[in-house]
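# Give me the fold of what follows.
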Amino acid sequence: MGRRLLAAFFVSAGVNHFVNPRFYEAIVPPSLKHERRRIVQISGVAELAGGLGVLIPSTRRLAGVGLIALLAAVFPANLYMAREPEDFKKLPRWALFARLPLQPLMMLWAWRATRSS
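Sure, this is the predicted structure:
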């Protein structure tokens, strides 16, 4: 998949952190609940910056590394959702588990899309 799609995905996700912050705040693991608003804002800005950075040749590689780091950083939220499905009744249980293997695939996508000019 191409870098434009990668950029669109992350820019959209970043915007959504500010449009629908309650969803993202709800998936912050309990150990970080006291910082949930700030975590959601920082991750939203990081997604926006990474998505836009993918489109600029001079920042593409750095954006790719940043997006991979971001995906690693948010993995505990996905793990929390899968381990505590009763806290996320609006989402099907299979979707909570499907997110886990998608994370490394997203990392691979970010890597591949940002390695070439």
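# pLDDT below threshold where in the chain?
Within the chain, the ranges that satisfy pLDDT under 70 run 1, 117.
# where exactly do the strands run in it?
With strands called from DSSP state E, the chain shows none.
# and the end-to-end length of stretch 53-66?
9 Å (C-alpha to C-alpha, to the nearest Å).
# mind listing what the spatially most central residue of the chain touches?
Nearest residue to the geometric centre of the chain (C-alpha atoms, centre = their mean): residue 71, 5.2 Å. Shown in contact with residue 71 (C-beta atoms under 8 Å, 6 or more residues apart in numbering): 103, 106, 107, 110. Where you see a C-beta, it was placed from the backbone N, CA and C, and this is true even at glycine.
# which one is the second one nearest to, not counting chain neighbours?
Take residue 106 and drop its neighbours on the chain: the residue closest to it by C-beta to C-beta, 6 or more residues apart in numbering is residue 71, 5.4 Å away.
# if we can go back for a sec, which one of the contacts of residue 71 has the most neighbours?
residue 110 (25 neighbours; other C-beta atoms under 10 Å).
# State the number of residues packed around the nearest residue to that residue once chain neighbours are set aside.
For residue 110, ignoring the flanking residues on the chain, the nearest one in space by C-beta to C-beta, 6+ apart is residue 67 at 4.3 Å. Neighbour count for residue 67, taken as other C-beta under 10 Å: 28.
# List the contacts of residue 67.
6, 10, 47, 50, 51, 54, 107, 110, 114.
# got those as JSON lines, with distance to residue 29 columns?
Shown next, in JSON lines, are these (distance: C-beta to C-beta, whole Å):
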{"residue": "6", "distance to residue 29": "26"}
{"residue": "10", "distance to residue 29": "22"}
{"residue": "47", "distance to residue 29": "18"}
{"residue": "50", "distance to residue 29": "22"}
{"residue": "51", "distance to residue 29": "24"}
{"residue": "54", "distance to residue 29": "28"}
{"residue": "107", "distance to residue 29": "20"}
{"residue": "110", "distance to residue 29": "23"}
{"residue": "114", "distance to residue 29": "28"}
